[in-house]
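Q: Need coordinates for the below:
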Amino acid sequence: MNDADELEFKRLRWRCRRGMRELDQLLGRYLDRRWRQAAQGERGVFLRLLETEDDKLWHWFMGYETPADGEIAQLVEHIRALPA
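A: Below you'll find the predicted structure:
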């Protein structure tokens with residue numbers, strides 16, 4: 001990973017910190033396990049996901065609601081399925 005990629009990764013790590021342990025763990029797990037090998041399209045979906053308010057993220061990740069955006073819904077399910 002070059003310096004620019006490493007800087008972006010650190011910024012993303014900060015953006016994944018939501019102040020709610022469950023969300024922090026889910027988003028951080030995706031970042032650690034998938035981000036580096038993810039295609040640009042998937043990365044774009046993840047960046048859109050990070051723009052979402054915490055209460056919506058909570059409902060989506062806990063399975064109480066489903067995102068209207070199909071790409072985000074698919075990524076949320078993928079993240080939920082990552083082993084702990």
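
Q: What's the local residue count around residue 75?
A: When neighbours are defined as other C-beta atoms under 10 Å, residue 75 has 21 of them. C-beta: built from backbone N, CA, C; applies to glycine.

Q: I misspoke; the intended subject was residue 5.
A: 11.

Q: Secondary structure element holding it?
A: Using DSSP states H and E, residue 5 maps to helix 3-16.

Q: helices or strands up against that helix?
A: helix 21-33, helix 40-50 (3 or more C-beta pairs under 8 Å, 6 or more residues apart in numbering; DSSP states H and E).

Q: Contacts for it next, please.
A: With contact meaning C-beta atoms under 8 Å, 6 or more residues apart in numbering, helix 3-16 is reached by 1, 24, 27-28, 30-31, 35-36, 50.

Q: Export it to PDB, keeping only CA atoms.
A: Output of helix 3-16 as PDB, limited to C-alpha atoms (Å, rounded to 0.1, in the frame of the first residue of the first chain):
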ATOM      1  CA  ASP A   3       1.400   6.400   1.300                       C
ATOM      2  CA  ALA A   4      -1.800   7.900  -0.200                       C
ATOM      3  CA  ASP A   5      -3.600   4.600   0.200                       C
ATOM      4  CA  GLU A   6      -2.400   4.400   3.800                       C
ATOM      5  CA  LEU A   7      -3.600   7.900   4.600                       C
ATOM      6  CA  GLU A   8      -7.000   7.200   3.000                       C
ATOM      7  CA  PHE A   9      -7.200   4.000   5.100                       C
ATOM      8  CA  LYS A  10      -6.500   5.900   8.300                       C
ATOM      9  CA  ARG A  11      -9.200   8.500   7.400                       C
ATOM     10  CA  LEU A  12     -11.600   5.700   6.800                       C
ATOM     11  CA  ARG A  13     -10.800   4.100  10.100                       C
ATOM     12  CA  TRP A  14     -11.700   7.400  11.800                       C
ATOM     13  CA  ARG A  15     -14.900   7.700   9.900                       C
ATOM     14  CA  CYS A  16     -15.800   4.100  10.900                       C
END
